[in-house]
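Novice: have a look; sequence and predicted model below, questions after that.
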Amino acid sequence: MSDETILIIDDSETDRKIFSRFLKKAGYEKIITAETGEEGIKKAKLKNPDLVITDTMLPGINGFEVCRQLRKNFGSHKPKIIICTGSIAAVDAIEARRAGANDYCVKTSDAAPLLETVKRLL
């Protein structure tokens, strides 16, 4: 069982549930979720998570802007940030790095790559 707190920001309730389920199975119990970038930033300020997993496409501000704002508020070391997307455009990976993300993941039905990234970062 892990003591780290993970914040999932995704406007898809299904994706939030899937990510939460996989993370809990892997031993991560402290999971917070948010539907919008703005809500995610507020929750990050309140809960100070160890890791943030954010979707790129969100209502309001997008995942890249969430990442930039978190880096501005917290600095470059914490939280670790993974940007996820359903789009496989190579430009997203470059944009994720520019925004300050620690890593980038494509959403698939197999959560193994995301879990590997979470384990590596935490």
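Specialist: Cool, the structure landed.

Novice: how far off centre is the worst-scoring helix or strand of the chain on mean pLDDT?
Specialist: Ranked by mean pLDDT, DSSP states H and E, the helix or strand of the chain with the weakest confidence is helix 90-99, at a mean of 85. Relative to the mean C-alpha coordinate of its chain, helix 90-99 is positioned 14 Å out (CA atoms, centre = their mean, to the nearest Å).

Novice: pull out the buried positions in it.
Specialist: 92, 93, 95, 96, 99 (16 or more other CB atoms under 10 Å). (C-beta placed from N, C-alpha, C; glycine too.)

Novice: so which elements touch the next helix or strand after it?
Specialist: Scanning forward in sequence from helix 90-99 by DSSP states H and E, the next helix or strand is strand 103-106. Here strand 103-106 touches strand 80-85, helix 90-99, helix 112-121, going by 3 or more CB pairs under 8 Å, 6 or more residues apart in numbering; DSSP states H and E.

Novice: check the chain and tell me which residue is nearest its centre.
Specialist: Taking CA atoms, centre = their mean, the centroid of the chain lies closest to residue 53, which sits 0.8 Å from it.

Novice: list just the nearest of the buried residues of helix 90-99 to residue 64.
Specialist: Among the buried residues of helix 90-99, residue 99 lies closest to residue 64 (CB to CB), at 4.2 Å.

Novice: gap between that closest one and residue 13?
Specialist: 25 Å (CB to CB, to the nearest Å).

Novice: and residue 8, what does it touch?
Specialist: By CB atoms under 8 Å, 6 or more residues apart in numbering, the contact list for residue 8 reads 16, 19, 20, 23, 31, 32, 33, 34, 52, 53, 54.

Novice: quick one: low-confidence ranges for the protein?
Specialist: Within the chain, the ranges that satisfy pLDDT under 70 run 89-91.

Novice: try 90
Specialist: Applying pLDDT under 90 to the chain picks out residues 1-2, 75-78, 85-94, 106-113.

Novice: no further queries at this time; thank you.
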